[in-house]
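# here is my input; please provide its structure:
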Amino acid sequence: MSTSAPDSPEIKPTWAATFRVYLEPSTLRMLTLGFSAGLPLLLVLGTLSFWLREAGIDRTTIGYLSWVGLAYGFKWVWAPLVDRMPLPLLTRLLGRRRSWLLLAQLAIVAGLCGMAFNDPRVALQPMVWCALAVAFGSATQDIALDAFRIESADTQRQAALAAAYQTGYRMAMIWAGAGVLWIAARAEVAQAANYQAAAWQTAYLVMAASMSVGVVTVLFSREPMAHTMPLAKNATEWLQGALIDPFADFLRRYQWQAGLLLALIATYRISDIVMGIMANPFYVDMGYTKDEVAAVTKIYGVIMTLVGAFVGGVLSLRVGVMRVLMLGAILSAASNLLFAWLGTRGHDVTALIFVISADNLSSGIASAAFIAYLSSLTNVAYSATQYAIFSSMMTLLPKFLAGYSGRYVDAFGYANFFTTTALLGLPVLLLVWLGSRVKTRQEAL
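Residues are numbered from 1 along each chain as shown. Take a look at the predicted model:
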């Protein structure tokens, strides 16, 4: 196995050709499908934590409830089904990838409507079950969408597709974060109680309707040219081809280096994910209103997210994915320290603007490069299963640790918490450097 760096000199595209990729239909589709993928995440994690904290739910419980997000960490379990199993009627009408996308999107809509009609202050358990349904549907959508993206273009265009996907994803996260807060604030009745469940109900119903962006895109898209897979003769042969072979293929291609690559995948986003669970409770406890958080995130967060995703995609094409991965890792850890600084400022909207802008910029750069990197590790013969394994590993450890974030804040305070999450990113720098010495490629050897 060669260990030469993946960013070896080669003929680079012109700047005009680089930018023209972003206008291709496959890239534009990834923009809207990325929006559909990014919408549910905050609605069961970040934004939900704002709702729960305002409803009087304690931070420790909010931290534990973030384990709903572990559905994303175990999606590799049912990824082989999404990769190969046809759905009655839908697959015949839409194709394998689009049928699973549509089914997952409808599950998300149903779960969001269920969350809208439940008040966590009255009964928390029904809210948790509906959130689990959204998370499961969202994870399933991710599996099908990752395969759809990888199969929609050649290796050279994967960075552009990843950047477009990430742009749409981040725009949806802004809408699911700032948009929900803005709608809930507008729906509140003047001079009523500070917490109004009806306002949150309105906001979550609007989010359910927003999933129509992805549904329409799926209905009007073409099914990508998928890798042809022979039909299994029995359950054993199906299990071998759907689950065992994808694992074996990755180990065969990277051998002893597979452990290094998996360690990098498992820890790359640890700083962001662990910190993110307590961000909204932090805003509530610091006295920021829904309007303030929504306005800052909607304006400055959107701008810096778009800039970050675009810069990450362009730099990946020009200087190589691994260099941008290193930059993203450094910026992600450093931005967490800014939250510790923000905690010393009191109710300072200007400082909030600066911190959210820096955090979104760094996250956009890191995510665009990381998606392209994960895509480069997959074999198109097992694109859905292998990418699901990688993206699941990316969130499994961080989301497990994030479940204890509320207890940590209660014990040591926000400043120590944010500083600790920044320190969690230091080992990632070493892993990125070591990973840069491993040659990756799309096709199997």
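
# low-confidence regions, this structure specifically.
Residues of the chain that meet the criterion pLDDT under 70 lie in 1-26, 153-159, 191-193, 225-239, 241-243, 298, 380-381, 383-385, 388, 439-445.

# tell me, what residue is most central in it?
G38 (6.3 Å; C-alpha atoms, centre = their mean).

# which other helices and strands contact the host helix or strand of it?
Here G38, judged by DSSP states H and E, is contained in helix 25-44. The contact analysis (3 or more C-beta pairs under 8 Å, 6 or more residues apart in numbering; DSSP states H and E) places helix 25-44 against helix 96-116, helix 124-150, helix 158-174, helix 197-210, helix 212-220. Quick note: C-beta positions are derived from backbone N, CA and C, even for glycine.

# just name the most buried of the ones you listed.
Looking across those with neighbours counted as mean count of other C-beta atoms under 10 Å, the highest average goes to helix 158-174: a mean of 27.

# so what does that helix touch, helix or strand wise?
helix 25-44, helix 124-150, helix 302-319, helix 349-377.

# after the first one, next one along is what?
This means helix 25-44. helix 46-54.

# what lies in contact with that following helix?
42, 59, 61-62, 65-66, 115, 120, 131, 176-177, 180-181, 194-195, 200, 276-281, 283-285, 290, 293 (C-beta atoms under 8 Å, 6 or more residues apart in numbering).

# can you select the buried ones from these in PyMOL?
Buried residues among the contacts of helix 46-54 (16 or more other C-beta atoms under 10 Å), as a PyMOL selection:
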select buried, resi 42+59+62+65+66+115+120+131+176+177+180+181+200+276+277+278+279+280+281+283+284+290+293
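
# of all the helices and strands packed on helix 25-44, which lies closest to M393?
helix 124-150 (13.2 Å; C-beta to C-beta).

# and that closest one, what does it pack onto?
Helix 124-150 packs on helix 25-44, helix 59-65, helix 70-73, helix 79-84, helix 96-116, helix 158-174, helix 383-402, going by 3+ C-beta pairs under 8 Å, 6+ apart.

# thought T61 was touching R407?
No. The criterion here is C-beta atoms under 8 Å, and T61 misses it with R407 at 9.9 Å.

# picking up where we left off before, can I get the helices and strands packed on helix 158-174 in CSV including distance to A208?
CSV is the format used below for the helices and strands packed on helix 158-174 (distance: least, C-beta to C-beta, whole Å):
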stretch, distance to A208
helix 25-44, 9
helix 124-150, 10
helix 302-319, 22
helix 349-377, 25
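
# so which of those comes closest to W76?
Among the helices and strands packed on helix 158-174, helix 124-150 sits nearest to W76 (C-beta to C-beta), with 8.4 Å.

# return the distance of that closest one from the chain's centre.
11 Å (C-alpha atoms, centre = their mean, to the nearest Å).

# list the contacts of N280.
46-47, 49-50, 53, 293.

# can I get the residues you listed in a markdown table with distance to A79?
Below are the contacts of N280 laid out as a markdown table (distance: C-beta to C-beta, whole Å):
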| residue | distance to A79 |
| --- | --- |
| G46 | 25 |
| T47 | 27 |
| S49 | 27 |
| F50 | 31 |
| R53 | 33 |
| V293 | 35 |
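
# of the residues you listed - the most surrounded one?
Neighbour tally across these (other C-beta atoms under 10 Å): the maximum, 28 neighbours, falls on S49.

# name the helix or strand for the nearest residue to it once chain neighbours are set aside, please.
Closest residue to S49 apart from its sequence neighbours, by C-beta to C-beta, 6 or more residues apart in numbering: N280 at 4.6 Å. Assigned by DSSP H and E, N280 belongs to helix 279-285.

# quick check: I270 touching G425?
Yes. Counting by C-beta under 8 Å, G425 is a contact partner of I270 at 6.6 Å.

# show me what contacts M278?
Counted by C-beta under 8 Å, 6+ apart, M278 has contacts 49, 59, 63, 405-406, 409, 414, 417.

# excluding its backbone neighbours, what's nearest T60?
G406 (4.3 Å).

# out of the helices and strands packed on helix 158-174, the one nearest Q257 is which?
Nearest of these (C-beta to C-beta): helix 349-377, 10.9 Å.

# switch the helices and strands packed on helix 124-150 over to CSV; also include distance to M207.
Listed next are these as CSV, based on distance: least, C-beta to C-beta, whole Å:
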stretch, distance to M207
helix 25-44, 6
helix 59-65, 18
helix 70-73, 18
helix 79-84, 24
helix 96-116, 6
helix 158-174, 10
helix 383-402, 21
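
# to R186, which of the ones you listed lies closest?
Within the helices and strands packed on helix 124-150, the stretch nearest R186 is helix 96-116; the backing value is 15.6 Å (C-beta to C-beta).
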